[in-house]
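**Student:** Show me the folded form of this:
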Amino acid sequence: MKAVLFDLDGTLFDTAPDFIVVLNQLRHQEQLPPLPAEDIRAVVSNGARAMVSLGFGRDEGDPNFDGLRQRFLDLYLAHLAVETVLFPGMETLLNTLAGQGIAWGVVTNKPAAYTVPLMQAFDYLPAPGAVICPDDVTKRKPDPEPVLLACSQIGCEPKEAVYVGDHERDIMAGRNAGMPTIACRYGYIDEGDDPANWGADHLVDTADEIWPLLQKHYLQKSA
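**Tutor:** Numbers count the residues shown, from 1 in each chain. Below you'll find the predicted structure:
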């Protein structure tokens, strides 16, 4: 194993606290009461459109949808990485990977305008070998293109990497690229969804479980 790739929101970083603040701030501007934090948290992995739809009961095509979405994104950019944290155990994992000479990278559907400053806010972490956003590819996850690009930038074959994510599209992208996958139950799981049904090679409940799993299944094979 030469690399471990991560989804961003809900896998590497717990960005939900900032999204909760921002969506409820926008609701306040619209004279609406705040939504429960857990309701917002559940849809974070589905992006800004899903959060605006949740927050205002409007779907794409509604004449007010695009305006609300842009205001939401503007508020988020101004409140980026204020309350966002690494998931418990993730910093230790990244430092362990770096200490073992194993590259790590990010493959996300989050646009670069938000991903880059978020990553910069955590520049004390070991440097990633690749950060791939939708801006870098023609097709986003679940297409394998961004995962394959990350492998290319790191300099490894897909079979030499593992992809870790908290959404079915992450697992599909990794599988479509021909690499082992780990599904994170601790992430932002849609109501009624079950990561056990995604076809991942492994399931974890915490980030602390990832390194022992990698050691058991992949380091020995590559030794």
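**Student:** three-state assignment of the residue located most distally from the centre of the chain?
**Tutor:** Going by CA atoms, centre = their mean, the residue of the chain most distant from its centre is Gln31, 31.0 Å out. Per DSSP: H, G, I helix; E, B strand; the rest coil, the local secondary structure of Gln31 is coil.
**Student:** Could you list the low-pLDDT ranges of this structure?
**Tutor:** Scanning the chain for pLDDT under 70 picks out the ranges 220-223.
**Student:** residues touching the residue positioned nearest the centre of the chain, list them.
**Tutor:** The centroid of the chain falls nearest to Leu8 when counting by CA atoms, centre = their mean (2.5 Å). The contact partners of Leu8, taken as CB atoms under 8 Å, 6 or more residues apart in numbering, are 15, 106, 108, 110, 115, 118. In short, each C-beta sits where N, CA and C put it, glycine included.
**Student:** quick one: what helix or strand has the fifth one in it?
**Tutor:** Taking DSSP states H and E as the definition, Thr115 sits inside helix 112-120.
**Student:** Just name whatever secondary elements the helix or strand that that helix is followed by is in contact with.
**Tutor:** Later in the chain than helix 112-120, the nearest helix or strand by DSSP H and E is strand 130-132. Under the contact definition 3 or more CB pairs under 8 Å, 6 or more residues apart in numbering; DSSP states H and E, strand 130-132 sits against strand 103-107, helix 112-120, helix 145-154.
**Student:** And the last one, what's buried?
**Tutor:** Residues of helix 145-154 classed as buried by neighbour count (16 or more other CB atoms under 10 Å): 145-151, 153-154.
**Student:** Closest one to Val43 out of those, please.
**Tutor:** Checking the buried residues of helix 145-154 against Val43 with CB to CB, the nearest one is Pro146 at 21.6 Å.
**Student:** contacting residues for that closest one?
**Tutor:** Neighbour list for Pro146: 107, 132-134, 136-137, 139-140, 173 [criterion: CB under 8 Å, 6+ apart].
**Student:** just Ala112 next, same as before
**Tutor:** So Ala112 contacts 133-136 (CB under 8 Å, 6+ apart).
**Student:** what about 10 Å?
**Tutor:** Listed by CB atoms under 10 Å, 6 or more residues apart in numbering, the contact partners of Ala112 are 119, 131-136.
**Student:** coming back round to it: would you turn the helices and strands packed on strand 130-132 into CSV with distance to His167?
**Tutor:** Listed next are those as CSV, based on distance: least, CB to CB, whole Å:
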stretch, distance to His167
strand 103-107, 12
helix 112-120, 16
helix 145-154, 13
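**Student:** Could you point out which of those sits nearest Arg71?
**Tutor:** Across the helices and strands packed on strand 130-132, closest to Arg71 is helix 112-120 (CB to CB), at 14.9 Å.
**Student:** List the buried residues in that closest one.
**Tutor:** Applying 16+ other CB under 10 Å to helix 112-120 flags 114-115, 118-119 as buried.
**Student:** picking up where we left off before, tell me which of the buried residues of helix 145-154 is nearest to Leu68?
**Tutor:** Using CB to CB, those come closest to Leu68 at Pro146, 27.7 Å.
**Student:** The host helix or strand of Val22: how far from the chain's middle?
**Tutor:** Assigned by DSSP H and E, Val22 belongs to helix 16-29. Distance of helix 16-29 from the chain centroid (CA atoms, centre = their mean, to the nearest Å) equals 19 Å.
**Student:** No further queries at this time; thank you.
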